[in-house]
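What shape does this take:
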Amino acid sequence: MNKTLLKPGDVFSLNSIAKERTPENGYTTGFVIKSGRLQEDLGGGVSTMATATWHAAFFAGLERIEQRAHSFYISRYQPGLEATVAWGTLDLKFRNDSPNGVFVTAVRGRNFVRVTMWGTKRYDIEADSGPRTNPKPYATVTDTSATCTPQDGVSGFKIVVTRVFKLNGKEVKREPLTTTYNPAADITCKKPKPTPAPTPTTTAKPTVKPTPKPTG
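Numbering: from 1, shown residues only. Here you go, the predicted structure:
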């Protein structure tokens, strides 16, 4: 993705750049969300890059085409201002709707990812985050399966983040983006109780009666 040039009208697609998450494409396992749970799978962690990329595109004022947040809230991200991707189902797409080119750079460190959009500034962009509404409690689950992965419970909620476009200090446009997070269960992993060994059964030996001796 580093050194990607978006000409006017070009559409950026993260999946097109990141390719399918396979060992052949250099991917290893990490945590992904499947059916409301954290599970290990190939390409886990790509959403960190997706979030950093969307954050940069958001504040560059580029046109949003496709962007989805995680199904439940992850505390390391700003609520309503993050993105996830999944090969074949979810992508991050935005268009360079400016009359000038945009140059994308990406830098990765041990504990950070930084994506920057370079180009001719058109607007000052602000993010106006509303309150969390429509709270939904999480369930508590005890899982005895061998593949269980523990996770902390997270309540669901709804939030609206509005992208505010300003020109020369005056507001010229507002773009509300609504995100609804599902609750995520609090999962405790517990080893199943061992199956008790069957009680051995004994077969009684038949009693042999002595043969009577003849008399006379």
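
going forward, measure contacts and count neighbours with C-alpha atoms only.
OK.

Which parts of the chain are helices?
14-18, 46-60 (DSSP state H).

now for the lowest-mean-pLDDT helix or strand in the chain, which elements pack on it?
Least confident helix or strand of the chain, by mean pLDDT, DSSP states H and E, is strand 37-42 with a mean of 83. If you count contacts as 3 or more Cα pairs under 8 Å, 6 or more residues apart in numbering; DSSP states H and E, strand 37-42 packs onto strand 29-34.

Give me the packing partners of the strand it packs on, helices and strands only.
Looks like strand 29-34 contacts strand 37-42 (3+ Cα pairs under 8 Å, 6+ apart).

strands paired with the strand it packs on, and their directions?
strand 29-34 (antiparallel) (DSSP bridges).

hang on, the earlier thing: same list (the helices of the chain) but as CSV, adding distance to residue 130, mean pLDDT and mean neighbour count.
CSV is the format used below for the helices of the chain (distance: least, Cα to Cα, whole Å; pLDDT from 0 to 100; neighbours: other Cα atoms under 10 Å):
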stretch, distance to residue 130, mean pLDDT, mean neighbour count
helix 14-18, 28, 93, 16
helix 46-60, 17, 95, 21
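
what about residue 83, neighbour count?
By other Cα atoms under 10 Å, the residues close to residue 83 number 24.

cool, and residue 128?
Count around residue 128 with other Cα under 10 Å applied: 13.

Please name the residues that touch it.
Residue 128 sits next to 161, 162, 163, 164 when contact means Cα atoms under 8 Å, 6 or more residues apart in numbering.

Save these as JSON lines, and put in distance to residue 47 too.
Shown next, in JSON lines, are those (distance: Cα to Cα, whole Å):
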{"residue": "161", "distance to residue 47": "19"}
{"residue": "162", "distance to residue 47": "22"}
{"residue": "163", "distance to residue 47": "21"}
{"residue": "164", "distance to residue 47": "25"}
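
measure the residue nearest to residue 77 when sequence neighbours are not counted to residue 114 for me?
Of all residues not flanking residue 77 in the chain, residue 51 sits nearest, at 8.0 Å (Cα to Cα, 6 or more residues apart in numbering). Distance of residue 51 to residue 114, given as Cα to Cα, to the nearest Å: 10 Å.

Would you mind listing the buried residues in stretch 163-179?
Going by neighbour count (16 or more other Cα atoms under 10 Å), the buried part of stretch 163-179 is 163, 164, 165, 166, 179.

Is it possible to get JSON lines of those residues that adds pLDDT?
Conversion of those to JSON lines gives the following (pLDDT from 0 to 100):
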{"residue": "163", "pLDDT": "98"}
{"residue": "164", "pLDDT": "98"}
{"residue": "165", "pLDDT": "98"}
{"residue": "166", "pLDDT": "98"}
{"residue": "179", "pLDDT": "98"}
